[in-house]
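>>> quick one, fold the following:
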Amino acid sequence: MAQSDRFNSRLKKLKKSDPERSDEKYKNQIKETLFQNLGFLSSEMQEDIFFYFSEKIEKASELQDILSVIIDIYHEDYDPEERLLSAADWEYIKEITSEFGIELEEKLLTYVMSLILDKGLF
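Numbering: from 1, shown residues only. Modelled structure (predicted):
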């Protein structure tokens, strides 16, 4: 099971336990679950990622979809057929990965940067 599947499964269980939750509560649950799934990244990098996408995407369900892709990228399980991320999103991923690159494992850094190269951003 991919990490993004675990992320989505966890959020689905949370929704079942509180089907009337507010969008704000949903976003907080997304944030907590994202941080659990990206625990190997620094807390500052996790916060930056969440802030970037949550400021850009108002609807919580769409935020969940995009962050699922981010989880796959940083777990080295990205599907190249995926089309949810915009050019600006990839530019952001390039910037954040470069900014925190010294903290990332070399294999992960290489993987993410190769995705960025494939997108023609270097």
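>>> and the lowest-mean-pLDDT helix or strand in the chain, how far out from the chain middle?
The weakest-scoring helix or strand in the chain, judged by mean pLDDT, DSSP states H and E, is helix 3-17 (a mean of 89). Chain-centre distance of helix 3-17: 14 Å, with C-alpha atoms, centre = their mean, to the nearest Å.
>>> V112 versus the residue most central in space within the chain, what's the distance?
Centroid check for the chain by C-alpha atoms, centre = their mean gives I70 as the closest residue, at 2.8 Å. Distance, I70 to V112, using C-beta to C-beta, to the nearest Å: 10 Å. Where you see a C-beta, it was placed from the backbone N, CA and C, and this is true even at glycine.
>>> what do those two both touch?
I93 (C-beta atoms under 8 Å, 6 or more residues apart in numbering).
>>> look up phi and psi at E20.
phi -100, psi 20 (degrees, to the nearest 10).
>>> pull up the gap between it and L11, please.
Distance from E20 to L11, counting by C-beta to C-beta: 15 Å.
>>> more crowded one of those two?
Shown here are E20 and L11; by other C-beta atoms under 10 Å, L11 has more neighbours (21 against 6).
>>> what ranges do the helices span in the protein?
In the chain, the helices defined using DSSP state H lie at 3-17, 23-37, 43-56, 60-74, 87-99, 106-118.
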